[in-house]
Structures are given as structure tokens and as C-alpha cells.
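S.K.: Test case, fold it:
(4 chains)
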Amino acid sequence: MSHWNPAPFAQQLLDLFASLLLLIAFAMLSQRRILTLIHLFAWQGLILTLSIVDSAWLTHQPHLYYSAGLTLLTKVLILPLLLHRLIRRLDVVWDVETLINIPTTMLVGIGLVIFSFNLALPISHFSSTILRNTLGIALASVLLSFMMMITRRKAVPQVIGFLALENGLFLAATSATYGMPMVVELGVALDVLVGMFIFGIFFFQIRETFDSLDIRHMEKLKEE
Amino acid sequence: MTLLPLDLVGLILTGWGGLGLLGLVLPARLGRSLLFPLITGLSVLMAGAGLWALQGGAQTLVLPIGLPGMPFHLRLDVLSAFFLTLLGLAGSGISAYATGYFRRMAETQAGDFQRLTLLYAFFLASMGMVLVADDAYFFMVAWEGMALSSYFLVTTDHEIPAIREAGFLYLLMAHLGAIALLLCFGLLQSGAGGDYAFATLRHHSLSSFWSSVTFFLALIGFGAKAGLLPLHSWLPEAHPAAPSPVSALMSGIMLKMALYGLLRVLFDLLGQPLWWWGALLVGLGSLTALYGVLFAAVQSDIKRLLAWSSVENMGLILSGLGLTLLFHGAGQETVAALALAAVLYHALNHAFFKGLLFLGAGSVLHATAERNMAKLGGLIRVMPWAAGLSLVGILSLAGLPPFNGFVSEWLLLQAYLLRPDLPQPWLNMVLPLGAAVLALVGALAGFAMVKFYGIIFLGQARGLVPGEVHDIGFWERFGMGWMALGCVLLGLFPSSVILQLDTVTHALVGQGLGASAARHGWLWVTPVAASRASYSPLILFAVILVSVGLTFLGVRRFFHGRWRRAPAWDCGYPFQTARMQDSADGFGQPIKQIFESFFGLSREIPSPFDPHPHYHSEVRDPLWALCYLPLVRGVARLVKVVGGLQQGRISTYLLFSFTTLLALLALVTGTRP
Amino acid sequence: MTPVNWLLQGGQEILGILLAPLLMGWVGIWRAWLQNRRAPSLMQPYRQLFKLFHKEVVLAETASPLLRVTPYLLFGCMGLTASLIPMVITDLPLAGAVDVIALVGLLSLARVFLALAAMDVGTAFGSLGARREMLVSFLAEPALLMVFFTIASLNASTSLRFMVTGFAARGFYLYPSLAFAGVAFLMVLLAENGRIPVDNPETHLELTMIHEAMILEYSGRHLALIEWASALKLLIYFSLGFALFLPFGLTDSQQGWGILGALILFLLKLTVMGAGLAVLETVSAKQRLFRVPEYLGTAFLLAVLAILLHYLLGS
Amino acid sequence: MEILVLLSFPLLGGLWLGVTGQRARAPQANLLFSLATLGAAAFLAMRVLREGRVSAWDEQFVVDPFNVFLVGLTAFVGTTTAWFSRPYVRNEVQHGRLSENRLRLYHGMYQAFLFTLLVALTTNNLGLLWVAMEAATLTTVLLVSLYRTPASLEAAWKYFILCGVGIAQALFGTLLLYFAAEKVLGEGGNALLWTHLAQVKGQLEPTIVSLAFVFLLVGYGTKVGLAPLHNWLPDAHAEGPTPISAVLSGLLLNVALYAILRTKVLVDGALHQPFAGHLMMGFGVFSVVVATLFLMRQKDIKRLFAYSSIEHMGLMTFAFGMGGAVANFAGLLHMTMHSLTKSAIFFAVGHASQKSGTQLMEQIRGLIRTSPTIGWGLLLGALAILGMPPFGVFASEFLILTTAMHEQPWATPILLGALGVAFAAILGKVQPMVFGPATGQRLPHPPAILPVFLHLTLVLILGLYLPPALAIWYRQAAALLG
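M.R.: As a prediction, this is how the structure comes out:
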């Protein structure tokens, strides 16, 4: 830990990235258009990558660079592209209907942010890493993405919510703990990719079967 | 190596199990003439082993199987020995009968017969295991094994919807009872270490509150098996549904297992009883008896009538048990011993006469394939053996001297009448009511039995009797004869029986009747003192014989013996048919009328102008609607409410997950030090 | 237990058997008088029995042996019962073998056989009679038992002998519970013997008869035995009533004078009470069949009340 | 070494069948690979019994008495299910419900699923455990939608989304655990190795660990099927092919619970108070109650037994939550019994519904008359799962309930009441199916009856006699759980 000079700047930058991620999470929560959602998701990935690079540089953890590369590859390039192509092929560039109206969602979201900051506060005290402040933000963006999954009616936004949730997790992984061991990280990346692949299969199957990607069609299995 | 009774019992139980397994693999043709006689033989042996063990002290054995740290404990003491004797004695008659009864089944449905042999033998063996089990786990295994094997036996004819329902209800109630028992044993053990052996439970005492809770649980658990009000609903459905020898086993023997369980828990494991337990049992038992006999009197299904009568008898037995508890709690051991002897005696008697009657009903069923009494009649002329032997059964059940039913009811009445000096003055006043109920129940049982016998065996055949009705064969005769002989002997030699019961009453309440009851020789029963009460059935029987004989001889001597046959007098109405006799419904009609508010009665009475008059009346158990339906509806309502959790929308599911997470997180932050 | 005791017991049985038709005749005379009819002779029942015994028995074609056994059984049981009740002396050798509960059992055994035999032929009337008989008995029997229990509790014994001597030993005492028990007993007596208001022994109207319906199929000596047995039953109930409620005069000794005195007193009681029964029957009316349970229920409750009263008052 | 051999068989099997799974011999190959896995598991188990803990690949994989027992169970049920699946898929192909392509997917994924389960069980790395759990979802999700009916798609979608979100939370929990651990163990791979964590569990930061446990419990609890996180479970069980329902119920749920248990040990060590236990008991009791109430209203036979699985997982969770030697022992025993019994039931159910051509219970009637073995298998299995002695489920329930009686008396009446309701519900629905006049058709391929009765016999024997070796093994495993 001899490079102390640029550290404060890098630290502030990291906080900034984290805040940006949170902002994007809010934006996604309030976004109605599906295409914008995908763009926002790509942006989120990009900022995540930047923040990982930043923390890698800050902490001299070489494997974090690999992580950053992986993130860039999957979250910024492959997945948005895949999603893009998917919605074009499925012709589903519609507006997103939400179950709860957006102002209410935002209000609840703010509540969630406060809650998760409060939750993370004592943890940060124990942290030995310099990246501790971001844990609260990561938790908040996880919860916000979770919220988004709950409020969306269509399959694609739900999946985007799911992916955004994983972004939040990545943020937590890289910022709070310098990343997981490499084996784990590779495994996680593989799972995400396979998951996405399966999502793709599902979209087609759902579309084929129900003529729509509206998950309201999929409320048949229940206790009557 | 010396053979101990317990070893013998263990061998017999294994033998039964082995025969059952053999029955599954042996061809039915071979099994039918081999297995049931062997089972019968083992039953006789079991009776011998029981009698042998009745003389001595307790023996224990630990088997190397079971749960780790909880091996199966076996113990044979006098209480078990008594019930093993009962099992063996009644079981041998029933099994002998079964040899003949299932013969036809072995020929036509070989697979069913093989399965039945297995279950029958397992049923016997599991009852034996209940009696020798000496730890809670083994007891529960045996207890539920008994329920399970009898459930499969009950559902032998599962093509009939009513039988399926009866089987379901039966197993459900049995299982609910078992759950109560599990709780009961858990409470008995609570805090005594990890061991569930009865030896541990025995030395562990509970506070009066917890022992009362335990008592309640035992009452529910065993009461559900015994058909105690209001847990009786399954009994009149399930017992008749089984093949008749199995009904006989269930009513005659299995119900006594409930009595055994209660005795075991109340007198052996639980410690000093509280007085109001006894009061509760007397009340519930008397109510059950009354309820059972009333419903028995209005049934028109042969076996259902007998099953309701079993409810009645178990009620009597349990009220006697309540008396025992009352007196035992008050320290009046002599009276307690009297009541207990009455209880045990009646249990034995009931095994015999109810077994006999179910076998008789089975013979009728086999011969006519008809369970509805309204279509039977006049069978005494075509089935003299079955009719004659059944007559002994109904006279015993009706509690008439000199048969066995009378002896135990007499003893029970004596227990009621021996002026008790209980510390609760109001109980002293209320107890005679129990005697009144007992008297009423006895008389109503007479009514039910006259109806049973009169409608089925006497009169003229109503409706069609299909094919040639044949009388019972050798094995059936043997089995029924065995049971009838039991009824007669138990009725004629009460003091010898009481002497045998002595060790049991000594073990449970610390007093015996033997010394006083047989003081005046084996001819006489004098439970307390000759000036209090005495009874000698053998003398009574002899003088009845002499008296009737003298009458007969006198009439023969002084008058001629001419007679001739003629048509029955038709009261001037020449178009009488057999259908104008009282039907079962008609015979029970007065009881229905008198206790109308008691029965959930629904009736259709034809109007005088109806061209096709149709009469229909149905008696339902009002307790069903009162106790069970609300419970079922309550659960259904709860189910409906909970059903809302699963309404198919993924967002809602996610929301559940989300709120659970948030709630737990809030909990963690909230409880953070 | 000396041979004399046995002799006396046998004598009592014979006495009962012989007296029973006489009692019937006596009650019949009184009824006739009270109804302004000319009375038959006191000996009329004997003549009837004699005639019946000589007649040929006509059995229904569907009758089973049960029908033929029953009259003997019935008569035997009733005769035996008569011998068990202390009519004249209390120290009977058989008294130890049969206490009051067994006595009720014995009566009930006879009744069950009668009812079964009634159902045997398979006519509409037989089963009707059996059903009604059992209906009456299922309430009357417990009532009778409760009456006995009241007295048994008073004397701490269910043995007839000790019940009777117990009173004698304690001397005269007014027992309130006995009053209830007495009324109940009287009601049971009427019901059990097929008297008005429950049954009319002289009726042959099918709709109302109970006892008569049961014995429609009997003829000849069988009928004679049954009629005789029912006469015996009336006597049994009378003497039971005397022994329990009017025990004065009963003797424990075996000396001739005591026995003679007791016998005379017994006959006197019979004379008075027989007439009383006739009066009672004349002033009351036959009830509808479904009033009978109410009537007998009252008797049962009275008897229960008696026993409760006993425990309540301690007397 | 044995561990790697063990893992290689299903991996190879998955690859091989992924290519050739459509061939006529594929079902046999599937069985063979499973058998090989079983053999390897047996070898491994013997070695662990002899030598204690075995590790491989830098302690990334560790097998101790606790997980070796689950490895054995998994390999065993995996094999018998493969056995059962042989005639099952052939019948399905005959009925035209499966195409060749799907058959390849099915067989490949089946082995892959076993592979992920075994990885999850044997790995020492909590991160890898997470990866394997996620992979287990991924391998089965396409199997759930194998029939491509609207309902199966819906079920698979719900399964995927709910378990995906759940597992994401578990990842967050794992992260927090790592966060807490690296302060003690330093950075790097060791901080996620369970054996290392277990050694220093007393020094872990309680606040973080308790938070981590919440996330892990909700995450893996979703896969266990704890109410109210259970909603994917009945759908997925009902709509997938029956062999998959059998392994989901019999194996996947166990492995998920295993994951929770591993973390519970750490949390208990860090917290010095029964926080984790209390949460688990709460979830357990709630799941039991909710599941039994749902049992009453089921119409679909596989949904019925899916809810029954929830009920039993709840009971196990409760038992492990109570902790202590007896309760842990009972929980492990119950896990075994439930796996064996439930998979046997699903085998019978599979054939029964194939015969009747429906999963609706009211249309399945008289099984004992049409095919006695299936009928008796179903009835006995149902009675066993309902806790009827002498079947082994009763033994474990007896232990759990009696322990609960003095450890947690409040829970006992609730649990017993729920068990009573469950009994009424399941027996009331199963009995009309097996008894009564017959319906149904003959199957082109004779059903595999042996697995059903093999399982039931095992359950029966274990209910009456637990071999000492097995008992010692269970005890060791229970001791590892604290």
C-alpha cells in the first residue's frame, strides 16, 4: 500500500461510480420503454466495469482486471446485444406496463435505499477495505432491481431486472471484498451466461406458446 | 436354558408373523387348509402362555432392533398376561372360524386370500406386540401396525364406496389417536432423559397439571380406539366393513387394546390418579354406553348393530374403569379392586360374546350375502347350528343369567352399589345415576338383541333368500362353538375367573378379590361378604334345569303329548305374507319415536293417498354434525384463506420473497446488540 | 342349611304355583264386582288351566323348537323365582345363589324367551307383541332395578334375605325414599304384568294388546303353562312388594307356628292387595301405547329419585 | 482422488449423453453412468468411514461424514431414478410426448444435474457451492419445460425466475460471509473454504454473519421450498417429467438444505446464540403448516406430493433448527427417509399417471385392480410418508417430535396438528386412487417396479432396525452439525 497519492481521488471516483449505479437503478425502476431499459442496463454494466477497474487499480488486485474484462464482455457487450437482437426478432419494443404506478415505486425505492444504508452502516465500520462505503449502495441497487422485477409485467423487463440485480451483486463483490476467488468468479460468469442463454430459449418458447411475452398469460398454475 | 413365558410369547408372535409371510408366498390352495389352523394352534398356545404368565412376576427382554439408543423393550407382567390370554382365547375361536370362512375366497380370489392371510396374521401379531411392548417407540410401532393391518383388512372389499369411506375414516381416527398418544408419551417422558422405555417413564412423576394433560391425551388416544364418545364415529362404520372374522377380532379383541393402553398408562406409568379423572371417565363411559345401545337398537344392518353394541360395551367398560380410578384415588382399594375385576371380566366376556355374534353374522352373510336384516328371517330352520350358537351370544350380550355377560354387569353394579365413601359428597349422590344408566343400558341391550335374533333367525324369510342357504361347516361350527363355550363357562365359573384376575388387580390397585370372592368355595361369588351380595350361577343354572325339567316331566306325566301342525293363525285376514312381519326398522320404531330428539332422524312418511307408498327413515349420528363437521369446515376455511398465497402471479411470489427478506433484515437490525 | 330349609323352599315354590291362579281369580272377581258384573267362580282359572292342559296342541307350520321350549322355560323360571322370594320365611337356602339383580335377570331371561318365541312363527302380531313387550320392559326393568337398589342401599345388601331382615332388625322407621320406591314399584308391577293402564289382560283387540299378541300362536298345554306363568308372575310381584315394603310377619324361624302365622299374614296381604289392584285397574284407563314410555319413564325417575333421596338424606 | 472420480462419471455421462442421448440405448447408458457414480460413491464412503475426512484439489473438495452420507444418498436415488426413468421415457416416446431431440436434452441434463448436485455436496468452497446450486437450477429448468406445454413453460419460468432471484440473494450472503472471513483469514481463496472458516468461526464478526445468514437462508431456502418462498416448487414438480420430480424432491431440496446447514454451523459458531436455529425453526413450522393446508385442496397428484415435500422439508428445517445431537440425528434420518420414500412415491405416481393418461387425481381410480404393484406401491408409499409405523419416516418423526416436546414445547401441538391434517388430506386423496373399480390402460413398456419396492423396503427396514455402522455414521454427521 505505498501508492497513497492518487488514492483519495480514486476513492472518490469509486463512490461516484457507485452512486451512478444507484442512479441508473432508479432510472430503470422508472423507465417504461424497453429499449431504453436495455441501454440503461448496458450503461450500468459499463459503469460497473469502470468501478472494478478503478478498484483494481486502487488495490492492486490483478484478478480484478480479469473480472472487469469479463464484466465488460458479458454485461456491456454480449448481453445487451443479445437482448437487443432478441426484442427486434420478437418485435417487442413496446412500452412497459407496471403493476404499481411509478411515483409510488420511487417512494418505496427511496425507503429501500435508506433501509439498506442503515443496514450496511455497522458493517462498514468493520470493514478493513477502503471500498466499504459502496456496500450500502450495492445492497440498495440489489433491492431496487428486485423491486423492479416485482413491478414489471412483461418477461423481458423482468429478466433485465434480474440481470441488474446481478450487477448489484458484482458491485458488492468487487468493491466490498476485492472480488471473489477466481474459480468462483468464473463459475458465476458461466452461470450468468448459461442463464441468459436459457432465458433466450424461454423467450422464444413463451412467445411461440402464448403469442406474447406478457407474463400475465403465465398465471394459470395456481390454487383455485 | 429354561423357557420363560415371555420367550414363548415372543416365539408365538414371531410364529404368527412367519405364518403371515408364508401365506403371502404359499399358493392359496395350500395355504387355506394349512395356515389358519396353524394360526389357531398358536392362539391356543398364546392363551396358555398368558395363563402361565398370569401366575408369576414380570419378565423383560431387550431386542437388538429398533432405533439406536432406543432398542425394542419387551415386558410381560400380569396385566399384559391377562390381555394376552384374552387375545389367545378369543383369537383361537375366531381363527378356527376363519379357516372355514375364507375357504371360498381362497378358491376364487387366490391373490386376495394370500394378502388377507398375511394381514390377518400380522394383525394378531401386532396386537400381541402392543401387549408386550415396554417402550414408547415399540408401543407406537405395534399400535400403528395394528391400525394399519386392520385398515387393510377393513378395506378388503374396497370396490364398495362405503367401505372405502369407512376405511379412510378409520385410519384417520386411528392416526389422530396415535398422535395424541405420541404427545402423551412425550409428556410422560419429559425431562427424564433420552430414554423412552416404560421403566424410565414409570419412575418419572409429573405435576398434577401435566399429569392431567397426559391423562387427557391418553383418553383421546385410547378413547379414539375404544370408540369413546365423541370419538366413536369411525367404529360403527369400520367394524362392519371388514370380513366377519376380522370384525370379530376388531370388536372382540382390538378394542380391548385400548383398555389395556389406558390401564397401562393410568395405573402403571402415570402415578397417582386424580379423583376427577375417574368422575370424567364414569360420565363419558356411561354416556357412551347409552348412546351406543340406543343406536344399536335402531340399526337395520346386522353388523352395524353389533358394532354399535361394541360402542355400548366399551362405554360400560370405561365407566367401570372410571369407578376404579375414583375408588383407587380415594384409597378404597377393595371397591377399586371390585370395579377393576368387573372391568377386566367384562372385557373378557365382550371378547367372547361379541366375537361369537360377529361370527354368527358372518355365517348369515356368507349364506345369504345379505346384510340388511329387513330381507332376512327364519334362518333358524335352515341354519340351526349358526342360530343355536348365536342364541348363546345374544343371551350373553343381553346380560342374562346364567351367561357371562350377566356376571360382569353384576359385578359392576355391585361396585356401584357398595356404598362408597368418597371424599366428594356430591359424587356419592351422583354415582347411583351411573347404576341407573347401567340398568337402562342393560335393558336396552336386551331389546336390541331380541330384535337382532328375532328378525334374522326367527319368523319367516322376508324377501328372497338367494340360492340354497347352507348351514356352517365344521371349522365354523368349531369356532363358534368355542366362543359359545367360552360364554357359558365364563358365566358359570365366575369365582375361578376372579381368582385368575386377582394377580392383576393386586398389581394395579394393590388389592384382590380372590380371598373374599371365593371364600365360600368355587361355587359362589361373594365379592365382599356373603351378607352384601352373593351369586352362584352354577346353582342357578342347575335349579333352572331342574325346575324346567320338572315342569316338563310333570306336564308329560299328567297330560298327553299330542300335537299337530296347522297354518299360523291369520286373525281372519287370509292374505298375510312374510313381509308383514316387523322389519328391523319397524322393530326399532318405538325407540326411534321415544328418543327422536336424540337421533338425527330424517323420515319420509307416505300420505294415505300415495299410490306407490314409500317409507324411508334414516338415523344419523348427531354428534357427527356437532363435533366433526365444524372441525372439517374450520379447516376448510383456513385452507381457503391460505390458498390465497398461491394465486399464480410471479410478481406476488417475488413480493413474498422480497418482504420475507426485508422482514428478516429488519429483524436482524432490530435485535442487533 | 338343613334339609328342612330345602323342604321349605320347595314348599314355597309349590305354594306359589298353586296360589297364583287363585290370585288371578280373586282379582278377576273384584273387577267383575266393581264393573257390576256377575263374578265368575274363584276357581275359574284352575278350570281353564285344566281344560287347556287336556287340549291338543296346534303348532303353526313355521314354528321352530324354540316355540315349544319356551312355555316350559317360562314356567320353570317363574316357579323358581317364586321360590326365591321370601313369602313366608326368609332363610331360604337358594337365597344366596340369586340376589335381586339375578332375580331381575331371571325374569328378564323368561321375557326374552317369550318375546323370541313370539317372533318365531313370523306373523305380524307376534313380532308386534314382542316389540311392545320389549318396549315396556326396557324401561320397566331398570326401574325395578332402581327400586331394588334403593332398598339395597338402605340395607347394604343386594341379597333379598338380608334386605328383608335388615328392616326387621332396625325396627320401625319411616324412610322417605321408600315412599318413592314404593310408588315406582307399583307402577312397574302394573306394567310388567300387563295390567291397565299399560295393557289389558282381557283385551283381544289387536291394536292394543301386548301380552296377548305374543301368545296368539299358543294352544293347549303350552298356552296353559304360559297363562299359569303369567299368573305366577303377578304373584311374584305381589310377594316381592310385600317382602320389601310390608315385611312384617315374615319369619326367620323354622318353627311351625311362626310359619303358620306368616302364611296367614301373607294370604291376608294378598287378599287385600288383590282387591286393591282391581280397584286401581277399574278407576284408571288404558293408555295409548306411546304414552307408556312416559308412564314408565316416570316410574324410572321416581326410583332414581328414591335412591338419590336416600343418599341425600342419608336414610 | 475418489472425489474426482466420483465427479467425473456424471460429467462424462452428461457430455456423452448430450451428444448421443437420443439413441435407443441411451436410457441404459444413463443407468450405467449412474451406477458407476454409485459405485464411486460407495468407494468414497468406505474410505471416509475408514479414514475420516478426505480432500482433493487443494481442499477445494472435502468429504466428511456429513456430506458423504448425502453423496451416497444422491448417488443411490440418482441410480434408482435412472432405472425408473428407463421404461418411463420409453413410454413417453411411445405416447408421442417426447421427441428425439428432447430425449438427448433429457439424458444429458439428467447426468449434468447429478454432477452439479455432487459438486455442491463435495465442494469445500462456499462460492463453488453457490455456483453448483445455480447450475443445478439451470440444468433442471429446461427439463421442467421438457413437454413444452403452456403449463410446463409457465412452471419452468417461475422456477427459473424465483430460484434465480433466490440464488442471487444467496450470492449476496456468500459475499457477506467472505467479507467477514477475509478479515480473519486474509484475502484469497482460503477465505471461502468451509473447513478453514469452521476453524475460525468464533472470530467472525457476528453482525455481518447474521446478515449473511439471512441472505443465505432466504436464498437457499427458496430452493429448499420453505414457505413463503416455496411457490415455484409445486409447479415445477407437477409439470416436469416424473423422474425429474423425483430427483427434485428427493435430492435437490436436500442439497439446498445442506447448503443452509453448512452455513448454520458457521453462524452458530460466530454468534454464540441460537439465532440461526430460531429462524430455521420459524420457517420450518410455518412451512409445515402452510404445506399441510395446501395439501387439502390439491387436484393434481404430483402437486400433492410436491406440497408434501415442502411439509417434510419444513420438518427437517425445524429439526436442524432445534439443533443438538438427537435433533440433528433425527433430521438426517428424516432426510434419508424422505428422499427414499418420496422418490418411491414419484416412481409409482409416474406410472400411475402414465397409465391413466392424466395427473388429475379424480380421474385416477382403482390402481390396485389394474396394476396391483403400482397401486400398493403408491398406497404404502403414501402411508410411509404420512409417518405410519413401521416405516422409517415414523422413526425420524418420532425423534423430532419427542425432542421438540422438551426443547420447543410450543411447536409440538402445531406440528402434530399439521401432521394430522396432512394425514387426512393425503390419505383422503390417495385411497380413492388405489382402491375401487379400475380404470386405465396397459403400458407399452412394463413399468419399473423394483425401484419403488427397493426404496420402500429400505425405509421399512430402517424404521425397525438401523445398522450400528449407519447409526455411527449419522452420529458423526450430527456431531459435525453441532
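S.K.: Excluding sequence neighbours, find me the nearest residue to B:L171.
M.R.: Nearest non-adjacent residue to B:L171, counting by Cβ to Cβ, 6 or more residues apart in numbering or on different chains: B:Y151, 4.4 Å away. For every residue, glycine as well, the C-beta is placed using N, CA and C.
S.K.: who in chain A is up against chain B?
M.R.: Residues of chain A lying close to chain B (Cβ under 8 Å from any Cβ of the partner chain) are A:99, A:115, A:118-119, A:122, A:143, A:146-147, A:149-153, A:158, A:215-216, A:218-223.
S.K.: Give me the subset of these that also touch chain D.
M.R.: When contact is defined as Cβ under 8 Å from any Cβ, those meet chain D at A:119, A:122, A:146, A:149, A:158, A:215, A:218-221, A:223.
S.K.: Could you work out the most separated pair of the residues you listed?
M.R.: A:P122 and A:K220 (44.9 Å; Cβ to Cβ).
S.K.: Flag every residue of the stretch 51-200 of chain D that's near chain B.
M.R.: Counting by Cβ under 8 Å from any Cβ, the stretch 51-200 of chain D sits next to chain B at D:157-158, D:161-162, D:165-166, D:169.
S.K.: hmm, the helix or strand where A:I38 lies touching chain D?
M.R.: Assigned by DSSP states H and E, A:I38 falls within helix A:34-59. No. Applying Cβ under 8 Å from any Cβ, one finds helix A:34-59 out of contact with chain D, separated by at least 9.3 Å.
S.K.: who's in contact with the closest residue in space to D:A236 that isn't next to it in sequence?
M.R.: Among residues not flanking D:A236 along the chain, D:Y159 sits closest, at 4.2 Å (Cβ to Cβ, 6+ apart). With contacts defined as Cβ atoms under 8 Å, 6 or more residues apart in numbering or on different chains, D:Y159 is in contact with D:137, D:140-141, D:144, D:232, D:235-236.
S.K.: Name the nearest of those relative to D:M322.
M.R.: The closest of the contacts of D:Y159 to D:M322 turns out to be D:W232 (Cβ to Cβ; 26.9 Å).
S.K.: how far away is the closest one from B:G283?
M.R.: 53 Å (Cβ to Cβ, to the nearest Å).
S.K.: Pick out whichever of those two has more residues nearby.
M.R.: Each of D:W232 and B:G283 has its neighbours counted (other Cβ atoms under 10 Å in any protein chain shown); D:W232 has more, 28 against 17.
S.K.: Phi first, then psi, for the closest residue to D:R148 other than its chain neighbours.
M.R.: Among residues not flanking D:R148 along the chain, A:Q205 sits closest, at 6.5 Å (Cβ to Cβ, 6+ apart). Per-residue torsions, A:Q205: phi -60, psi -40 (degrees, to the nearest 10).
S.K.: What count of nearby residues applies to D:A198?
M.R.: For D:A198, the count of nearby residues is 16 (other Cβ under 10 Å).
S.K.: who's in contact with it?
M.R.: Taking Cβ under 8 Å, 6+ apart, one finds D:265-266, D:269 in contact with D:A198.
S.K.: Counting neighbours, which of those comes out on top?
M.R.: The contacts of D:A198, ranked by neighbours (other Cβ under 10 Å): first place D:L266, 25 neighbours.
S.K.: Test my guess that it contacts D:L204.
M.R.: Yes. Counting by Cβ atoms under 8 Å, D:L204 is a contact partner of D:L266 at 6.8 Å.
S.K.: So for these two, which residues contact both of them?
M.R.: D:L197.
S.K.: Any of the residues of chain A next to chain B buried? List them.
M.R.: Listed as buried from the residues of chain A next to chain B are A:115, A:119, A:143, A:146-147, A:149-153, A:158, A:215, A:218, A:221-223; burial here means 16 or more other Cβ atoms under 10 Å in any protein chain shown.
S.K.: Next one: the residue nearest to A:Q31 when sequence neighbours are not counted from chain C, what distance?
M.R.: With sequence-adjacent residues excluded and distances taken as Cβ to Cβ, 6+ apart, A:Q31 is closest to A:L37, at 5.2 Å. Distance, A:L37 to chain C, using Cβ to the nearest Cβ, to the nearest Å: 85 Å.
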